[in-house]
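Visitor: could you work out the structure for the sequence below:
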Amino acid sequence: YKGSSVVEEVTWVLGYTENDGAYGFYVSSAENHEGTDYRIKITDYDDSSVYGYSDYFSINTGNGDGIGDGLPFDIPSYNVLIIIGIISIFIIIFTKKRLKGLK
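Guide: All right, here's what the predicted structure looks like:
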């Protein structure tokens with residue numbers, strides 16, 4: 001999501017992936033995607049009413065060497081930030097499902 005608009009929907013080809021805390025996803029291009037109001041929504045495959053959002057994060061294209069431009073440290077790719085966000089969402093969903101199962 002960028003703000004409240006869906007930018008891209010990522011669907012697992014088989015419709016389901018193990019809840020192992022990680023999901024690899026390649027961001028093809030940052031062209032025209034610079035902004036500070038991005039977030040990721042993860043929805044449970046079996047129950048669409050179970051979902052969660054990541055914290056907001058930024059995508060900066062920079063205009064230097066492309067490696068961590070404008071950051072106080074070098075990050076080789078923004079994929080790292082997206083993966084951290086996805087992992088956080090999986091943890092939230094897993095915790096909610098466990099708590100729901102304890103009731």
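
Visitor: pretty sure D37 is touching G3, no?
Guide: Yes: when contacts are counted by C-beta atoms under 8 Å, D37 is listed as touching G3 (4.9 Å). Just so you know, the C-beta spots here come from the backbone N, C-alpha and C atoms, and that holds for glycine as well.

Visitor: quick check on the nearest residue to K41 once chain neighbours are set aside: phi, psi?
Guide: In this structure, K41 finds its nearest non-sequential neighbour in Y53, 5.2 Å apart by C-beta to C-beta, 6 or more residues apart in numbering. As for Y53, its main-chain torsions (degrees, to the nearest 10) stand at phi -120, psi 150.

Visitor: quick one: contacts for Y53?
Guide: Applying C-beta atoms under 8 Å, 6 or more residues apart in numbering, we find Y53 in contact with 1, 39-41, 89.

Visitor: now the residues you listed: which count as buried?
Guide: Neighbour counting by 16 or more other C-beta atoms under 10 Å classes 40, 89 among the contacts of Y53 as buried.

Visitor: with respect to pLDDT, which of the contacts of Y53 ranks lowest?
Guide: On pLDDT alone, Y1 ranks lowest of the contacts of Y53, at 74.

Visitor: if I look at it, how far off is D20?
Guide: Taken as C-beta to C-beta, to the nearest Å, the spacing of Y1 relative to D20 amounts to 24 Å.
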